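>>> build the 3D model from these lines:
(one chain, ligands or ions: 1)
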Amino acid sequence: MSETEQPRPLSNAENQTRWAIDVDVDPYSLPLDKIDPAHPSLFEADRMMPHFQRLRTEDPVHLTPDSMFGPYWSVTRYKDIMFVDSHHELFSSDIENGGIRLGGRPRNQDEPRNEMFHLPMFIMEDPPKHDDQRKVVAPMFTPKHLQELSALIRERAGNILDGLPRNEEFNWVRRVSVELTGQMLATLFDVPQEDRHKLIYWSDTVENLGNPDFFETAEQGFQELWKCFEYFDAVWKERVARKEPGNDLISMLAHGDSTRDMPPNEFLGNMLLLIVGGNDTTRNSISGGVLALNRHPGEYEKLMKDHSLVPKMVPEIIRYQSPVAHMARTAMADVELGGKTIRKWDKVVMWYISGNRDDTEIEQPDTFIIDRDNPRKHLSFGFGIHRCVGNRLAEMQLNILWEEILKRFDTIEVVGDPVYLRSSFIHGIRELPVRIPG
Ligand code: HEM
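The predicted model follows:
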């Protein structure tokens with residue numbers, strides 16, 4: 001190889017082999033610097049929690065010097081996570097500084113940028129751009145607008161539940177969780193309901209860019225994502241041409257001061273943010289709730305006896321599942337945290353999934369308890385200026401779904417092992433075999 005020739009990037013399968021680990025290893029038997037909680041195999045095998053437990057007690061602000069994502073800090077305690085999330089001036093989300101995903105690095109301004117992979121979105125911006133663009137879509141999620149959507153969500157949830165088989169095994173994720181959130185997304189964008197399958201596909205693509213079961217290389221995945229641009233570009237043009245601006249997310253973006261002139265990659269980035277934000281998260285809370293109730297039969301009985309517990313149970317489901325396992329930031333200055341010095345430009349990961357199990361802040365955090373006194377005390381929606389803009393919509397969907405489930409079924413039985421997503425970003429369930437007696 002000549003000096004100027006770049007090494008070929010590893011394919012997804014090569015990357016998986018290069019970083020293969022024994023997921024069954026006892027984390028307490030490892031030297032601390034080998035603890036690498038971001039390894040997707042740990043999440044796929046549902047083995048990550050003991051790793052976080054060790055870090056919370058022995059090394060709450062922890063450096064993994066070498067991983068498939070490069071070096072990164074793990075922040076695992078509730079209060080430290082809140083500190084990082086609420087100090088956006090110290091911990092940047094800006095895509096130019098490395099963004100919010102593991103593996104993202106500050107851009108070398110001297111190198112040409114590959115536009116195909118560069119997808120800015122407002123979750124990967126700092127103020128003022130973040131604040132300006134967030135304001136454009138915020139009206140979608142006001143209590144008044146959500147109230148207007150509630151009857152539609154109830155009707156759709158009812159239809160989905162009425163179509164489920166009885167006394168027969170089926171995958172709850174596909175038949176209910178994906179369906180309900182997919183239909184919701186098509187409504188938020190005001191596109192035909194039959195196109196929800198495309199939205200679901202693009203959402204799954206984002207989460208599986210590095211998964212060899214989906215794509216040979218990440219580049220192939222990005223090629224698929226640009227088809228999403230073609231689709232929404234046509235919708236955008238139609239919305240701009242309308243005489244009256246619509247009340248959907250694309251109309252809001254097309255008419256917003258800070259979004260109407262977005263270049264193609266920023267438009268695609270923001271569309272993907274709204275698709276993934278509104279899809280994977282609520283989907284996994286819907287699946288996670290059924291699983292948690294089955295694993296805590298006493299809580300299921302409590303719920304059956306008292307349906308008014310649903311509004312308290314919903315935030316507990318969201319805490320217990322922690323559908324977004326982490327968000328990452330880049331340090332903008334040297335910062336002391338938990339007795340460690342994080343250096344400027346270091347990658348810092350806030351593990352919401354770990355903070356939600358911190359027993360110094362949450363009583364019996366490993367137990368699913370549907371009538372907690374303060375169920376909204378959790379980190380699943382983040383904290384600070386990026387706190388989830390769709391959190392009320394997510395809770396409303398889950399509330400309505402559970403109310404409708406309780407009207408119809410005495411129980412939903414989980415009849416096999418769940419299959420988990422190979423991702424340490426979205427804590428997801430791909431398959432949940434269930435049976436509804438009837
Ligand atoms: C249970 C369901 C959900 C969970 C657990 C969740 C979680 C999160 C988290 C952790 C963040 C980042 C917070 C931070 O960095 O501090 C976030 C941001 C965001 N979420 Fe959600 N989310 C959910 C549902 C939704 C829904 C239904 C939508 C609607 C489309 C949505 C749209 C967004 C958007 C647009 C952002 C970026 C906000 C910003 O940067 O200002 N999310 N969400």
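>>> so where do the strands sit in the stretch 151-300 of the chain?
Listed in chain order, the strands of the stretch 151-300 of the chain (DSSP state E, counting those that start in this stretch) span residues 170-171.
>>> ok, which stretches of it are helices?
In the stretch 151-300 of the chain, helices defined by DSSP state H, counting those that start in this stretch lie at 172, 179-189, 196-207, 218-241, 249-255, 264-295, 297-305, listed in chain order.
>>> in this protein, which residue is closest to the centre?
In the chain, the C-alpha closest to the average C-alpha coordinate belongs to V324, at a distance of 3.7 Å (C-alpha atoms, centre = their mean).
>>> what residues are up against it?
V324 makes contacts with T281, Y352, S380, G382, F425, I426, H427, as judged by C-beta atoms under 8 Å, 6 or more residues apart in numbering. For the C-beta atoms, the positions are set from N, CA and C on the backbone; glycine is no exception.
>>> let me know whether stretch 159-178 sits next to the ligand.
No: among the residues of stretch 159-178, none lie within reach of the ligand under C-beta under 6 Å from any ligand atom; the closest is 11.3 Å away.
>>> let's test this: mean pLDDT of that stretch, rounded?
Averaged across stretch 159-178, pLDDT comes to 97.
>>> what's the answer for stretch 415-425, then?
Here stretch 415-425 scores 95 as its mean pLDDT.
>>> can you list the residues of the stretch 201-350 of the chain near the ligand?
Looking at the ligand, the residues of the stretch 201-350 of the chain close enough under C-beta under 6 Å from any ligand atom are L273, L274, G277, G278, T281, T282, S285, I318, P323, V324, M327.
>>> wait, a strand at the last one?
Right, the one you point to is M327. Yes: counting by DSSP: H, G, I helix; E, B strand; the rest coil, M327 is located in a strand.
>>> going along the chain, name the helices of the stretch 1-150 of the chain.
If DSSP H, counting those that start in this stretch is used as the criterion, the helices of the stretch 1-150 of the chain fall at 12-18, 40-44, 49-58, 78-86, 129-137, 143-162.
>>> pipe the ones you listed into CSV and attach mean neighbour count per row.
Formatted as CSV, the helices of the stretch 1-150 of the chain follow (neighbours: other C-beta atoms under 10 Å):
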stretch, mean neighbour count
helix 12-18, 15
helix 40-44, 21
helix 49-58, 18
helix 78-86, 20
helix 129-137, 18
helix 143-162, 15
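>>> and those: which comes nearest F232?
Shortest separation from F232 across the helices of the stretch 1-150 of the chain is recorded for helix 129-137, at 14.1 Å, computed as C-beta to C-beta.
>>> got the angle for that closest one vs helix 264-295?
Following axes from the mean of the first three to the mean of the last three C-alpha atoms, to 10 degrees, one obtains 70 degrees for the angle between helix 129-137 and helix 264-295.
>>> who are the packing partners of helix 129-137?
Secondary structure elements in contact with helix 129-137, counted by 3 or more C-beta pairs under 8 Å, 6 or more residues apart in numbering; DSSP states H and E, are helix 249-255.
>>> rounded mean pLDDT for the helix it packs on, please.
On average, the pLDDT along helix 249-255 is 94.
>>> of all of the stretch 101-250 of the chain, which residue lies closest to the ligand?
With distances taken as C-beta to the nearest ligand atom, the stretch 101-250 of the chain approaches the ligand most closely at I123, which sits 3.6 Å away.
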